[in-house]
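*Asks:* sequence and computational prediction follow.
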Amino acid sequence: MKKSLSTLFLVAVLIALIIGCSKLGSPIGTVENNDPVETASYGPAEDEAGDEPVVSEEEPPVLAPETEEGPLFDIKQTVTASQEEGFDKEIAAGADLDGDGVTDRIVLKTKTNPYYDEVISYVLFVNEEEISYEGSMIDPLFHVVNISSEDPYLEIAVSEEGPSSDFLTVFYRYKDRNLTRLSEIQGFLGKYPGTDTIGDVVLDGNGRITTKTRGAVIQTWFYDDSYLLTDEDQLVQEVKELYPLDTEVTLLKKLKTVPSRESSEEGYVFQIGERAVLAETDNREWVSIRNDKDEVFWFQIRNHSEMIGQEEEGYAYDYFEGLNMAD
């Protein structure tokens with residue numbers, strides 16, 4: 001009888017323990033509600049007394065390459081609705097931008113066009129520093145990049161699609177607790193939003209950036225362009241003497257030429273209906289043209305496509321059939 005009572009007592013205790021454990025709450029590591037979880041702060045912040053800034057001792061996250069196309073880094077970005085008037089969203093991340101071993105807090109606060117679903121401006125914050133920018137079809141998911149492995153800095157890059165595929169990328173640097181704009185270049189960095197297609201901007205990690213830039217004269221065309229990072233924290237364009245056009249055209253008007261850019265003598269005269277190739281340009285005022293005998297001559301323009309030194313006034317599209325005049 002005593003043995004039976006002891007057995008019943010043990011069973012009752014076991015049942016009580018099972019019921020009690022089931023009411024202890026959620027497993028460790030989960031959150032039952034949707035309240036925001038506070039995380040460690042990045043960079044300088046005021047202490048409780050509001051005196052000197054207190055720098056976070058948190059180690060910077062290890063940055064892994066985002067793609068094989070160049071030194072872009074895969075960083076965790078948090079996107080939230082902005083509680084600040086004038087902004088729609090806030091995109092936040094952390095990275096050691098100035099190489100001091102402390103994580104800097106990066107926040108991009110965006111404003112959306114009220115009539116279209118596109119970001120038209122933003123304010124970029126790094127710790128307490130800020131820079132504003134206005135554009136069109138901005139991609140708010142910025143990149144952290146390493147333009148040059150020869151210095152301790154990482155840069156922030158923000159790209160936009162522009163009003164008519166007029167792609168632009170702006171590079172920012174945080175140095176000596178100052179946030180500055182390094183340069184604005186044509187082309188898109190990384191994947192275009194919603195696609196797996198990668199833009200034209202490529203970094204080699206040694207201070208050189210290559211891209212595609214729209215030509216400034218005669219038609220819509222693009223050329224291979226490049227920039228170098230200098231010791232003065234500037235991205236300087238590598239300007240070429242001539243850029244290839246390689247555009248086949250048919251003459252719509254008689255065209256007078258000169259043998260070279262340095263000559264004032266009359267060269268070959270192209271006739272209406274004659275086929276030719278616009279070969280090269282200095283991207284300012286001179287264009288070379290090749291006839292069917294592979295002879296090369298030059299003519300001059302101004303204000304993008306206004307013809308100079310011809311018998312009739314007009315623009316390039318008045319003289320040549322076959323130009324690309326896409327906007």
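*Replies:* Alright, I've got the coordinates. Nothing here was measured: the structure is a model prediction, and the numbers come from that model.
*Asks:* tally of neighbours for residue 278?
*Replies:* Residues near residue 278, counting by other C-beta atoms under 10 Å, number 23. C-betas here are computed from N, CA, C, even on glycine.
*Asks:* what lies in contact with the helix or strand hosting it?
*Replies:* Residue 278 belongs to strand 275-281 when assigned by DSSP states H and E. Contacts with strand 275-281, where a contact means C-beta atoms under 8 Å, 6 or more residues apart in numbering, come from 215, 217-218, 242-251, 270, 287-292, 296, 320.
*Asks:* and those, which of them are buried?
*Replies:* Buried subset of these (neighbour count, 16 or more other C-beta atoms under 10 Å): 215, 217-218, 243, 245, 247, 249, 251, 270, 287-290, 296, 320.
*Asks:* inside strands: which ones of those residues?
*Replies:* Of the positions in those, 243, 245, 247, 249, 251, 270, 287, 288, 289, 290, 296, 320 sit in strands, assigned by DSSP state E.
*Asks:* and the third one, what does it touch?
*Replies:* By C-beta under 8 Å, 6+ apart, the contact set of residue 247 is 219, 221, 277, 278, 322, 323, 324.
*Asks:* roughly how far apart are the fifth one and residue 275?
*Replies:* Right, residue 322. The spacing between residue 322 and residue 275, counted by C-beta to C-beta, to the nearest Å, is 9 Å.
*Asks:* overlap of the contact sets of those two?
*Replies:* Residues touching both residue 322 and residue 275 by C-beta under 8 Å, 6+ apart: 248, 249, 250.
*Asks:* how about the helices of the stretch 1-150 of the chain, start to end?
*Replies:* 2-21 (DSSP state H, counting those that start in this stretch).
*Asks:* any stretches of it with poor pLDDT?
*Replies:* Applying pLDDT under 70 to the stretch 1-150 of the chain picks out residues 1-70.
*Asks:* please repeat the previous calculation with a cut-off of 80.
*Replies:* Counting by pLDDT under 80, the stretch 1-150 of the chain contains low-confidence residues at 1-74.
*Asks:* can you map out the strands along it?
*Replies:* Using DSSP state E, counting those that start in this stretch, the strands of the stretch 1-150 of the chain run over 44-46, 53-55, 64-65, 72-74, 78-81, 89-95, 104-112, 119-126, 129-138, 143-145.
*Asks:* what's next to the very next helix or strand once past the last one, contact-wise?
*Replies:* This means strand 143-145. Using DSSP H and E, the helix or strand that follows strand 143-145 in sequence is strand 155-160. Here strand 155-160 makes contact (C-beta under 8 Å, 6+ apart) with 97, 106, 108, 122, 124, 126, 133, 135-140, 142-147, 167-174, 182, 188-190, 199, 201.
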